[in-house]
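# Everything below, folded, please.
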Amino acid sequence: MRDDGNFVLYAANATVAWSTFAAPTDTLLAGQDLAPGAQLFSSVSATSRATGKYRLTNQLNDGNLVMYPAGTMNVAAAAYWDTGTFQIGFPLTLRLDASGVLYLVGNNGSYTKNLTKASAAQAVEQAHYHRVTLDPDGVLRSYRHGLLSSGGWKTDVEWIGPSDRCHVKGACGFNSYCVLDRDAQPSCLCPPGFDLIDAGDAAGGCTASSGAGECTAGQRADPGSSMATMQNVSWADTPCGVLAAGTRAADCQAACMSDCFFVAALLDTNDGTCTKQQLPLRYGRAGGGYTMFVKTGGATRTFTGVRGTRGYLAPEWYRGAGPVTVKADVYSYGVLLLETVACRRSMEMEEAAGEEERTLAEWAYEWLLVKGEAKSAMSSDETVEAAEVERVVKVAMWCVQAEPQSRPSMDGVILMLQGRLEVPFPPPPPASS
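Below is the predicted model of the structure:
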């Protein structure tokens, strides 16, 4: 372990075989470089060091340093912050020096661009150290850690990018938009016609409180619906229908109202281009020069019958109490996972003659997790690790929990299936009556 914080493995000939500085995760220390083509990935949270939702990419092809949501492609539409060096003509290296200056350097040192300033010395400090971290909220921060004369430590944030935290794509969940409060902290709100999926988690996204965007055969528009207007907003533009530049606001609204498949329309106030949007709406924030028209009222989310296929329906469909949210889809996905592992269908388990009545979830929990017979559940010609099967079953068991709030989000499901998020042992499923 060197004094600069670099952990180094040396080969027999004293050359460096591997070092932590050459394999950065979410942080750069003074003297550490982010080479062309390398990336930083945020952590899931302050307590979980698993790979999180955001990445900082030093693009090899154009020299631009860009932040993206993890899992997206290196395209401008997915980016939410960059250094504007995409026309520089040669690759750049991101470097942090001992004085706290974060800068880009390239072309054999003949080109530099400072992103931060040098940190001023403080009389109460015996020494100070710097790091730059892509934090779990998708913001890149430069930290100064000062060793005080008293022996304690003082930590300050000296620079952040982006400066507006609502510019981070994914700061708020689907169908919600971000606004800054008085302390410049992001808050997530629902547009007209939408409600929070979970009242205790504003960042978890919103769901439509009406049937806007749902069609039945031969239906064109719901005569009971109306349009709400949100001015000076920005949303990810994923158009399913485009009206040419110069479209009037009234015509943009009418185009959305006349088509039952669309729930909103975005009007570019610069050139008058109107684009019709389907759910989910993504990356919303206040500011940005668009006007959004949203369907409200009308085809409500109170249904006279259960919708879906027996065997895959979440319990809340039958209870008749409380809202049915996207967590019902998580339940159905969990059933599909169990069917894939067990090579048998959920309904076959419930209807099998001469077999003790139980659900697929009960069988999977008992045999695959409690008794550890995951390997024997697979066909003889399958080549698969028992640990992998067990992980899939555990994820599925979390998905089919009786209470919606106990089920993970689909983002969490994906991270757990990929092995990037720990899967705790699930509680047993509710017993069938």
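# only C-alpha atoms for contact and neighbour calcs from this point on.
Noted.
# Skipping adjacent residues, who's closest to residue 62 in space?
Spatially, and ignoring its direct neighbours in sequence, residue 62 is nearest to residue 86 (4.9 Å; CA to CA, 6 or more residues apart in numbering).
# Likewise for residue 143?
residue 157 (4.7 Å).
# so which strand or helix has that neighbour?
Under the criterion of DSSP states H and E, residue 157 resides in strand 153-161.
# returning to that earlier point: then the residue nearest to residue 62 would be within a helix, right?
No. Applying DSSP: H, G, I helix; E, B strand; the rest coil, one finds residue 86 to be coil, outside a helix.
# so where do the helices sit in the stretch 151-300 of the chain?
Remark: helices assigned in the stretch 151-300 of the chain by DSSP state H, counting those that start in this stretch are 249-257.
# what residue ranges in it score low on pLDDT?
Along the stretch 151-300 of the chain, the parts satisfying pLDDT under 70 run over 210-225, 297-298, 300.
# pLDDT wise, what is the closest residue to residue 82 other than its chain neighbours at?
In this structure, residue 82 finds its nearest non-sequential neighbour in residue 66, 4.3 Å apart by CA to CA, 6+ apart. Per-residue confidence (pLDDT) for residue 66: 97.
# Name the SS class of residue 66, please.
strand.
# where's it relative to residue 49, distance?
22 Å (CA to CA, to the nearest Å).
# before we move on, what about residue 428?
28 Å.
# Show me what the closest residue to residue 181 other than its chain neighbours bridges to in the sheet.
Of all residues not flanking residue 181 in the chain, residue 187 sits nearest, at 6.6 Å (CA to CA, 6+ apart). Beta-bridge pairing for residue 187 (DSSP bridges): residue 179.
# was I right about residue 187 contacting residue 165?
No. In terms of CA atoms under 8 Å, residue 187 does not count as a neighbour of residue 165; the distance is 9.8 Å.
# Mutual contacts of the two, please.
Counting by CA atoms under 8 Å, 6 or more residues apart in numbering, the shared contacts of residue 187 and residue 165 are residue 180.
# Who has more neighbours out of these two?
Using other CA atoms under 10 Å, the more surrounded residue of residue 187 and residue 165 is residue 165, with 21 against 18.
# show me what contacts that one?
Applying CA under 8 Å, 6+ apart to residue 165 gives the contacts 139, 171, 180, 184-186.
# Look up how far residue 270 lies from residue 39.
35 Å.
# neighbour count winner among these two?
Set residue 39 next to residue 270 and count neighbours by other CA under 10 Å: residue 39 wins out with 20 against 10.
# what about that one, distance to residue 50?
Using CA to CA, residue 39 is found at 15 Å from residue 50.
# tally of neighbours for the nearest residue to residue 209 once chain neighbours are set aside?
Take residue 209 and drop its neighbours on the chain: the residue closest to it by CA to CA, 6+ apart is residue 194, 5.0 Å away. Per other CA under 10 Å, the neighbour tally for residue 194 reads 19.
# Now do the same contact list for residue 194.
Per CA under 8 Å, 6+ apart, neighbours of residue 194: 175, 206-210.
# Considering these, which possesses the most neighbours?
In these, the most neighbours by other CA under 10 Å go to residue 206, 28 neighbours.
# how about the nearest residue to that one, chain neighbours excluded?
Residue 206's closest residue in space is residue 196 (CA to CA, 6+ apart), at 4.2 Å.
# For beta bridges, what are the partners of residue 16?
Assigned bridge partners for residue 16, using DSSP bridges, are residue 10.
# Can you tell me the centre-most residue of the protein?
residue 53 (5.0 Å; CA atoms, centre = their mean).
# which residues touch stretch 137-148?
Under CA under 8 Å, 6+ apart, the answer for stretch 137-148 is 42, 53-55, 69, 100, 124-135, 153-162, 165, 168, 171.
# err, stretch 61-71, not the other one
Counting by CA under 8 Å, 6+ apart, 36, 41, 52-59, 74, 78-92, 138, 169-170 sit against stretch 61-71.
# List only buried entries from those residues.
Buried by 16 or more other CA atoms under 10 Å: 36, 41, 52-59, 78-82, 85-86, 90-92, 138, 169-170, out of the contacts of stretch 61-71.
# Residue 336 falls within a helix, correct?
Yes. Looking at residue 336 with three-state DSSP, it is inside a helix.
# For it, give me the pLDDT.
89.
# Could you report the neighbour count for it?
With other CA under 10 Å as criterion, residue 336 counts 18.
# Who are the contact partners of it?
residue 312 are the contacts of residue 336 under CA under 8 Å, 6+ apart.
# Residue 162: what's it in contact with?
80-81, 139-140, 168.
# The stretch 1-150 of the chain: strands as residue ranges?
8-10, 16-19, 27-29, 33-34, 39-43, 51-58, 65-69, 81-82, 92-96, 102-106, 111-114, 125-134, 140-148 (DSSP state E, counting those that start in this stretch).
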